[in-house]
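A.B. asks: Okay, here's the prediction I keep looking at, along with the sequence it came from:
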Amino acid sequence: MDRRLAALLQEKFGERLLTPVRQRYDESEIRVALTDATDTLRTLHDDPSLRFEMLIDLCGVDTGEDMQVVYHLSSSTSGDWLRVIVPGLDRTAPRIASVTFMWPGAEWMEREAYDMFGIIFEGNRDLRRIYMPDDYRSFPLRKDFYLADDASRSPAAGVRNMERAGTPADATAATVLRKSPGV
């Protein structure tokens, strides 16, 4: 744990932080509001005492109540990785500013978050699907994504079709799987 980093983050972003700086092992974590996200990330990137110049990962999160974007950053000034969580994106139209102006490699990560969660990264010059077909209308990693065979919501009375046991029409007595007593 880099205690110096925690103190520096608290000092620089104290009024912006939604929660106190959290640290565990070699990872520090801060949460900032959507309105403060771009300025906070720019400071983390540009400030000589911080120099979080490497974006390791960017991902979307659906908590079921709101959408979030999580940035994982690395700096040459600290042994800790920094997780920046930006909660509070509107579920009906999740939007946040792109960070491709600081980290050009974020373009692909933002495309993935768009494709899986529907998060719009304003300013990304190539925001389009990366995994799903272009005409696909849903976002597979959202909590409200409907699976046709979902046991909890399906008309199959709680049994997924792929799990429904059946005997093939051409089965003989010798080939039918026998159930043990009590099953």
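C.D. replies: Yep, that arrived. The model shown is predicted, which means the values in this text are computed figures rather than measured ones.
A.B. asks: So which residues of this protein form helices?
C.D. replies: For the chain, the helices defined by DSSP state H cover 3-13, 37-46, 106-117.
A.B. asks: closest one to D57 among these?
C.D. replies: helix 106-117 (6.6 Å; CB to CB). (Glycine included, C-beta is placed from N, CA and C.)
A.B. asks: For burial, what's the neighbour tally of the closest residue in space to R42 that isn't next to it in sequence?
C.D. replies: Counting by CB to CB, 6 or more residues apart in numbering, the nearest residue to R42 once its immediate chain neighbours are dropped is M102, at 6.7 Å. Using other CB atoms under 10 Å, M102 is surrounded by 16 other residues.
A.B. asks: and the helices of the chain, which one's lowest on average pLDDT?
C.D. replies: When the helices of the chain are compared on mean pLDDT, helix 3-13 scores lowest, with a mean of 88.
A.B. asks: wait, isn't K143 in contact with M67?
C.D. replies: No. In this structure, K143 is not within contact of M67 by CB atoms under 8 Å, at 9.8 Å.
A.B. asks: Looking at the two, which has the bigger crowd around it?
C.D. replies: Legend: neighbour count by other CB under 10 Å for K143 and M67, higher for M67 (26 against 11).
A.B. asks: May I have the beta-bridge partners of that one?
C.D. replies: D62, L89 (DSSP bridges).
A.B. asks: still on that earlier bit, mean neighbour count, the helices of the chain: which tops it?
C.D. replies: helix 106-117 (a mean of 21; mean count of other CB atoms under 10 Å).
A.B. asks: which residues sit against that helix?
C.D. replies: Surrounding helix 106-117, the residues in contact under the criterion CB atoms under 8 Å, 6 or more residues apart in numbering are 55, 57-62, 67, 69, 94, 98-100, 119-121, 124-132, 139-142.
A.B. asks: How far off centre is it?
C.D. replies: The chain centroid and the centroid of helix 106-117 are separated by 9 Å under CA atoms, centre = their mean, to the nearest Å.
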